[in-house]
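Q: Quick one, what's the 3D model for this:
(chains A and B)
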Amino acid sequence: MAVPESIGGYESINLKKNSSSPRTLFSTVMSVVATLCAVLAIIPLFAVLFYLLRQGVQYLSPSLFVKLPPPPLADIGGFGNAFVGTLLTVGIASAISIPVGILAAVFLAEFAKDTAAPDENWIDFAVNILAGVPSIVMGTFAWATIVLTTGTYSAVAAGVALAILMLPTIVRTASEALEAVPGSYRQASIGLGAGKVDTVLRIVLPAATPAIVTGVMLAVARAIGETAPVLFTALFSQFWNRTVWEPTATLSMLVYSFAQVPYKNQQNLAWAGALVLVAIVLFLNILARWITRKR
Amino acid sequence: MTSSPNLPPESSSKPAWKRSDSARFLDNGFVWGTGAFGYALMAILIGIALQVGVQAIPALQKFGLGFLFSTNWNPVEDLFGVLPQLYGTLVTSFIALLIAVPIGLGIALFLSEDFLPEKIQRPLVFLIELLAAVPSVVFGLWGIFVLIPFLRPLGIWLNQNFGWIPFFSTPPAGPGIYIAGIILAIMILPIISAISRDALVAVPLKLRQASYGLGATRWETIFKVIIPAAFSGIVGGVMLALGRAMGETMAVTMVIGNANAISPSLFAQGSTISSLLANQFAEASGLQSSSLMYAALALFLLTLIVNVIAEYIVRRFSIKY
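A: The predicted structure is shown next:
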């Protein structure tokens, strides 16, 4: 088929993409490189999960949750006290950080713009910076504030350190959730004669609850896995807790200390503990995702 | 003339549509009550700085800034300095960025372009988020028992064949700086890819269309239009990841070897400020304890600076379309 040399005075151009030109080749190569990057990132996740399952599953049994950590060279024992200790410390942290975080978020999202002082940006800024404070520094803070003054390592001290760790996540997700509630809800509520208390507590907060729950669950998941803040606040314990004012074992701390000993039974317990830890954390993350997905 | 005829007749001096004093008092109290919690967040941040600073005073007085340039760590003679730890913190974070920035950006591009249908892309984004959820201590455990034995042959080979390069000048002895750097890279990868992806997705479609319309290929568009438009978000994400890497404790402590030494070799053992704290804090007392607080203060300030810069970049240079 004859192609005209020129159309209306312009030279004809081939509009087909030339697949061997350097430009197209470069584009194709880069697409492959980007794909490889994504594959490369997934590998560590599956490698970690694979080894956890391979090393940990064989030792899983219900008795792990009721027995105490073993001495070296004995049988595998269990991490009952550490499991309870994790629930205890994270429970204390949640009891502090959830109300504080949500109320602070209410102020940030609902009232900070109305009050005359331009503090919203500063609080926002403080939350972002707090999120970047290394968790071990939070541990040193809790040590200086609680352990030094009470004279003992305790679940409470660890709870305070973990609460500071959880706060930024809770405040951020909760204030985003509150801001996502349409303004018409508030106008309707105020139009019906409700004050600020009723509007926030009975209209805005319930509407934002699923997203807030998601944020709280992510924060709890992070606190369960964190070791650095409990390292010298809860310390560790070989025994069951009698009070919250004594050294307390946690699951993450058990994994840390038993990973570095030469005794096979304690190492195996560390793998089983890590598997339980990751299972809880991933379950909470997937559940959190599922809650917001349903909306 | 009477106002609004629909309103009930007034008995008191106050109009009925004004809310009662107690209701208004309650509202104001609520605003100030929540405000107190808002300011409490600022107070916590300041409290951390003050508390750590106060505890560090004895060491600050004794060693001054020389603390940051001394390689001594001698509890017997009460002489302390954190130069090796400062070096370890910076080097491991740098290795982590070197690995994680290109790969993280690659992932972000892969997941923001239309390579994959939405149905496959979303779970993939979620999987990378899950990588961020894996506890640090689990990465440490995995590092000790899987990554160290796995990388050891490669390290020995590099040392035998390229030992004249300072980076590979010592034989790998299990734990070491390079393992810590690689584990940190894995841990900050999700941060870099998630924040970069957000920034890339936020670039308006019309920029892309205009670029395609001018005849650019996909990757010419990415390099010359999309990445420059998203640059502040990407740099902000990288800075946040750097702050995270410098403060990361458990995984690093478990795989770095915890030696008080400075060596150019990546296979050498070392330590970071956070690993020093993790190892010694519980057993320390007196001046050693105060010196550790000084180290914590240095780490706090280091991450503070990095995070403030990150925050500044994101706020100052983000382009609103």
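Q: wait, is B:L266 part of a strand?
A: No: according to DSSP: H, G, I helix; E, B strand; the rest coil, B:L266 belongs to no strand; its state is coil.
Q: and the residue nearest to the spatial centre of chain A, how far is that from B:G104?
A: Nearest to the mean C-alpha position of chain A, counting by CA atoms, centre = their mean, stands A:R222 at 3.5 Å. Between A:R222 and B:G104 the distance is 20 Å, computed by CB to CB, to the nearest Å. Every C-beta, even on glycine, is put in place using the N, C-alpha and C of the backbone.
Q: doesn't B:L141 make contact with A:A270?
A: Yes: applying CB atoms under 8 Å, one finds A:A270 in contact with B:L141, separated by 6.1 Å.
Q: neighbour-wise, which of those two wins?
A: Between A:A270 and B:L141, counting by other CB atoms under 10 Å in any protein chain shown, B:L141 is the more crowded of the two (31 against 27).
Q: And for that one, nearest residue in space, chain neighbours not counted?
A: A:A259 (4.6 Å; CB to CB, 6 or more residues apart in numbering or on different chains).
Q: hang on, that neighbour packs against A:A270?
A: Yes: using CB under 8 Å, A:A259 is in contact with A:A270, at 4.6 Å.
Q: which residues do the two both contact?
A: Residues touching both A:A259 and A:A270 comprise B:L141, with contact defined as CB atoms under 8 Å, 6 or more residues apart in numbering or on different chains.
Q: Check B:V76 and give its pLDDT.
A: Here, the pLDDT recorded for B:V76 equals 87.
Q: May I have the residues that are in contact with it?
A: Contacts of B:V76 (CB under 8 Å, 6+ apart): none.
Q: Does it lie in a helix or a strand, and which?
A: Using DSSP states H and E, B:V76 maps to neither a helix nor a strand.
Q: Likewise for the one 10 residues further on?
A: Assignment of secondary structure by DSSP H and E places B:L86 within helix B:83-112.
Q: For that helix, buried residues please.
A: B:83-93, B:95-97, B:99-101, B:103-112 (16 or more other CB atoms under 10 Å in any protein chain shown).
Q: before we move on, what about stretch B:156-168?
A: For stretch B:156-168, by 16+ other CB under 10 Å, it's B:L158, B:N159, B:F167, B:F168.
Q: so where's the chain uncertain?
A: Defaulting to chain A. Across chain A, the ranges flagged by pLDDT under 70 are A:1-15, A:114-120, A:294-295.
Q: not what I meant, chain B
A: B:1-17, B:318-321.
Q: So which elements touch the top helix by length along it?
A: Counting by DSSP state H, the longest helix found in chain B is helix B:21-63. The contact analysis (3 or more CB pairs under 8 Å, 6 or more residues apart in numbering or on different chains; DSSP states H and E) places helix B:21-63 against helix A:80-106, helix A:120-132, helix A:135-142, helix A:155-179, helix A:196-198, helix B:286-317.
Q: Following the chain past that helix, name the next helix or strand.
A: Next element after helix B:21-63 (DSSP H and E): strand B:73-74.
Q: Show me what the following helix or strand past that next one is packed against.
A: For strand B:73-74, the succeeding helix or strand toward the C-terminus, using DSSP H and E, is strand B:79-80. Packed against strand B:79-80 by the contact rule (3+ CB pairs under 8 Å, 6+ apart) you find strand B:73-74, helix B:286-317.
Q: Given strand B:79-80, what are its sheet partners and their directions?
A: strand B:73-74 (antiparallel) (DSSP bridges).
Q: what residues does the partner strand touch?
A: Contacts with strand B:73-74, where a contact means CB under 8 Å, 6+ apart, come from B:L79, B:F80, B:G81, B:V82, B:P84, B:N260, B:L276.
Q: Recalculate using a threshold of 10 Å.
A: Applying CB atoms under 10 Å, 6 or more residues apart in numbering or on different chains, the set of residues contacting strand B:73-74 from outside is B:79-85, B:260, B:271, B:276, B:280, B:288, B:291, B:295.
Q: So which of these wins on neighbours?
A: Going by other CB under 10 Å, B:A295 tops the contacts of strand B:73-74 with 30 neighbours.
Q: which residues sit in contact with that residue?
A: A:140, B:52, B:56, B:59, B:67-68, B:73, B:80-82, B:85-86, B:89, B:272-274, B:276-277, B:280-281.
Q: roughly how far is stretch A:172-180 from the heart of the chain?
A: 16 Å (CA atoms, centre = their mean, to the nearest Å).
Q: cool, stretch A:288-295 as well?
A: 16 Å.
Q: Show me which residues of that stretch are buried.
A: Buried, per 16+ other CB under 10 Å, within stretch A:288-295: A:A288, A:R289.
Q: so does that stretch get close to chain B?
A: Yes: contact of stretch A:288-295 with chain B (CB under 10 Å from any CB of the partner chain) involves A:A288, A:R289, A:R293.
Q: Quick one: the helices in chain A, in order.
A: For chain A, the helices defined by DSSP H occupy A:22-56, A:80-106, A:120-132, A:135-142, A:148-150, A:155-179, A:183-191, A:196-198, A:205-225, A:251-259, A:264-293.
Q: ok, is the longest one in contact with chain B or not?
A: Yes: taking CB under 10 Å from any CB as the criterion, helix A:22-56 and chain B are in contact, through A:23-31, A:33-52, A:54-56.
Q: Around B:A230, how many other residues sit close by?
A: So B:A230, with other CB under 10 Å, has 25 neighbours.
Q: residues in contact with it?
A: Applying CB under 10 Å, 6+ apart, the residues near B:A230 are B:108-109, B:112, B:196-203, B:222, B:237, B:318-319.
Q: what does B:L50 give?
A: A:F141, A:A144, B:A43.
Q: And B:E129, by the same measure?
A: Shown in contact with B:E129 (CB under 10 Å, 6+ apart): A:L218, A:N285, A:R289, B:P190, B:S193, B:A194.
Q: Let's see that with 8 Å instead.
A: Contacts of B:E129 (CB under 8 Å, 6+ apart): A:N285, B:P190, B:A194.
Q: check which helix or strand covers it.
A: helix B:118-133.
Q: same check, this time on B:A185
A: B:A185 belongs to helix B:177-201, assigned by DSSP H and E.
Q: Would you mark the buried spots in that helix?
A: So helix B:177-201, judged by 16+ other CB under 10 Å, has buried residues B:177-197, B:199-200.
Q: List, out of the residues you listed, those positioned next to chain A.
A: The subset of the buried residues of helix B:177-201 within reach of chain A, by CB under 8 Å from any CB of the partner chain, is B:I186, B:L189, B:P190, B:S193.
Q: Let me know the closest of those residues to chain A.
A: Among those, B:I186 lies closest to chain A (CB to the nearest CB), at 4.6 Å.
Q: so the closest one sits right up against A:A47, yeah?
A: No: with contact defined as CB under 8 Å, B:I186 does not reach A:A47; the gap is 9.4 Å.
Q: Now do the contacts for B:S211.
A: B:S211 touches B:E220, B:T221, B:K224, B:V225, counting by CB under 8 Å, 6+ apart.
Q: Do me a favour and get the backbone dihedrals for it.
A: Main-chain torsions, B:S211, degrees, to the nearest 10: phi -70, psi -50.
Q: Roughly how far does it sit from B:L50?
A: Taking CB to CB, one finds B:S211 at 51 Å from B:L50.
Q: List the contacts of residue 181.
A: Since no chain was named, I'll use chain A. A:V204, A:A207, A:A208.
Q: oops, chain B please
A: Per CB under 8 Å, 6+ apart, neighbours of B:G181: B:V91, B:T92, B:F94, B:I95, B:A96, B:L98, B:I99, B:L266.
Q: With B:S275 instead?
A: Counting by CB under 8 Å, 6+ apart, B:S275 makes contact with B:Q85, B:G88, B:T249, B:V252, B:T253, B:I256, B:N258.
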